[in-house]
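Student: A structural model of the following input is requested.
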Amino acid sequence: MSQPHAADLIVFGGTGDLAMRKLLPALFHSDLDGMLADETRVIALSRGGLDDADYRGKVDAEVRLAGAVPDEDPAAWERFRARLHHVTVDVGSGEPLGGELGALLAGHEDRARVFYLASPPMTFGPFCRAIQEAGLVTPASRVVLEKPLGKDLASAQRINDEVGAIFDENQIFRIDHYLGKETVQNLLVLRFANTFLEPIWNSRWIDHVQITAAETVGTAGRRGYYDGSGALRDMVQNHLLQLLCLTAMEPPLRNDREAVRDEKVKVLRALRPLTGGDVALHTVRGQYAAGVSGGAEVPGYLDEPGSTPPTDKSREVETYAAIEARVENWRWAGVPFYLRTGKRLASRRTEIVVQFKDVPHSIFPGGAPNRLVIRLQPSEGIHMHLVAKEPGSGELRLRPVALSLSFADTFETRVPEAYERLLMDVLAGNPTLFMRRDEVESAWRWIDPILSAWEGTIPEPYVAGGTGPAAADELIGRGGRTWHEEG
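Tutor: Presented below is the predicted three-dimensional model:
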């Protein structure tokens, strides 16, 4: 392992939910693994009026005592706490941002200086201008942008223009935590480091692909945010399209910083546009109603507790989206990619299912097509579903069985969280697993016509705790196919 380089990680929104639940636990685990240089600091920015001691106490309560990190090594935790600092800032006040933050950073211009914007996207441009005006942007600076990057193509381009006026493209890291998951990285290895899959990874052998991100939770307390987002913006435009790109991309020339991203952009540009009547035919939107989830009665989206009162917009927002997409190139001609995501569904899982075609002529009754299931959560692994004969004499009976690779069981080690890998890539200046500007804008260019066609329509209700709207079954059923619902 190479010697880690010293860095200052400045987190705008450092007292927020993302910092406490994801970023700080990821950094602590990286520290435990020796991935942080001794001089590396984490500087939280917020309007909280905290000093370093106050902030460290808050992190104690919300990270360590809440069980987000292991508690068996007090010395390691104290070493990590000593890295933590807090600076009170209010970017919207118009006051110069230098001050205390500038004094804390002064003399360390040679370090990697990472500005992590764990804040709403409308703050990205103003924050970047503020740090530039304060003289805090150095040649070794980088900026990390959390999703969502805008709400449509125009707003994404505006944000990219504002941030791009301060930082070069190679300094901008647009993060999608799905790309840091071990299974996603293993998808590239599975495809491009094993010879047996490449000859059959095409329309001749693959019938269709399903990409699912299902959640059992609802939107309690978050309807104000979700009314302006919906499932299409929140999950499909970034997460699911990223998984589609990695599944469908051509082999890159090499595993380097730009070759992988070049191939992903080609997939997005090859997506068949969905406009007008095509949207009604190839997409489904739903909103969960009251039902039973996890053995308990749960309310519908409009009645979630702790949320703002429902509005006309609330009645129109989708908590479920399903799309039949087509990649129009030689490899994938005629192969549908079914994307779906939803809240308050029967099970929590994110997976890619590659279903192969039936054998040309079956001599055995009761066979089933082979499926490759790449599971991202809750338990990361790869499962190849084959057909085998059940043991015993007498009548020959077939049964689907799985050849399974569980990362946790096979490698007998803790599977790192996605943010651990991504944060270390940022500190190392490696953008491979981050989205490039043309990638983000190509995704919005495909999504925008769907958003426009959905405007003002009412989503189909579906019962909480079920599998989603009936129209989603009809969508995939038109091709004689069914959703993969194995838990």
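Student: can you give me the helices for the stretch 251-400 of the chain?
Tutor: Across the stretch 251-400 of the chain, reading from the start of the chain, the helices by DSSP state H, counting those that start in this stretch fall at 259-270, 277-282, 312-316.
Student: Out of the ones you listed, which gets nearest to Asp473?
Tutor: Comparing the helices of the stretch 251-400 of the chain against Asp473 with CB to CB, the closest turns out to be helix 277-282 (14.5 Å). Every residue, glycine included, has its C-beta placed from N, CA and C.
Student: Report the buried residues of the closest one.
Tutor: The neighbour-count criterion (16 or more other CB atoms under 10 Å) identifies 279, 282 as the buried residues of helix 277-282.
Student: Repeat that for stretch 203-216.
Tutor: Using 16+ other CB under 10 Å as the test for burial, stretch 203-216 gives 206-216.
Student: In terms of distance to Gly150, which of those ranks first?
Tutor: Nearest to Gly150 among the buried residues of stretch 203-216: Ala213, at 20.3 Å, using CB to CB.
Student: Quick check, pLDDT for that closest one.
Tutor: At Ala213, the pLDDT value in this model is 96.
Student: Over to Ser393?
Tutor: Spelled out, the predicted local distance difference test score at Ser393 is 69.
Student: what do you get for Arg397?
Tutor: Model confidence at Arg397, given as pLDDT, is 79.
Student: count of residues packed around it?
Tutor: When neighbours are defined as other CB atoms under 10 Å, Arg397 has 13 of them.
Student: list the contacts for the nearest residue to it once chain neighbours are set aside?
Tutor: Ranked by CB to CB, 6 or more residues apart in numbering and with sequence neighbours excluded, the top spatial neighbour of Arg397 is Glu390, at 4.5 Å. Residues in contact with Glu390 (CB atoms under 8 Å, 6 or more residues apart in numbering) are 397-399.
Student: so which of the helices of the stretch 251-400 of the chain is the most packed in?
Tutor: Highest mean neighbour count of the helices of the stretch 251-400 of the chain: helix 259-270, a mean of 19 (counted as mean count of other CB atoms under 10 Å).
Student: after the lengthiest helix in the chain, next one along is what?
Tutor: Across the chain, the longest stretch assigned as helix under DSSP state H is helix 437-454. Moving toward the C-terminus from helix 437-454, the first helix or strand encountered (DSSP states H and E) is strand 460-463.
Student: one step back: taking their axis directions, the longest helix of the chain and helix 259-270 sit at what angle?
Tutor: 30 degrees (axes from the mean of the first three to the mean of the last three CA atoms, to 10 degrees).
Student: can you list contacts of helix 437-454?
Tutor: Under the criterion CB under 8 Å, 6+ apart, residues 149-150, 152-153, 156-157, 160, 164, 169, 172, 174, 232-233, 236-238, 241, 261, 264-265, 268-269, 271, 273-276, 279-280, 283, 285, 318, 323 lie in contact with helix 437-454.
Student: could you dump that helix to CSV, C-alpha only?
Tutor: Taking C-alpha atoms only, helix 437-454 is exported to CSV below (Å, rounded to 0.1, in the frame of the first residue of the first chain):
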residue,chain,number,x,y,z
ARG,A,437,-20.1,16.5,-17.1
ASP,A,438,-21.1,15.0,-20.4
GLU,A,439,-22.2,11.8,-18.6
VAL,A,440,-24.5,13.7,-16.3
GLU,A,441,-26.0,15.9,-19.1
SER,A,442,-26.5,12.9,-21.4
ALA,A,443,-28.5,11.2,-18.7
TRP,A,444,-30.7,14.3,-18.2
ARG,A,445,-31.1,14.7,-21.9
TRP,A,446,-32.8,11.2,-22.0
ILE,A,447,-34.8,11.8,-18.8
ASP,A,448,-36.2,15.3,-19.6
PRO,A,449,-38.8,14.2,-22.2
ILE,A,450,-40.1,11.6,-19.7
LEU,A,451,-40.5,14.2,-17.1
SER,A,452,-42.3,16.5,-19.5
ALA,A,453,-44.7,13.8,-20.6
TRP,A,454,-45.5,12.9,-16.9
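Student: Report the distance from that helix to the chain centre.
Tutor: The chain centroid and the centroid of helix 437-454 are separated by 17 Å under CA atoms, centre = their mean, to the nearest Å.
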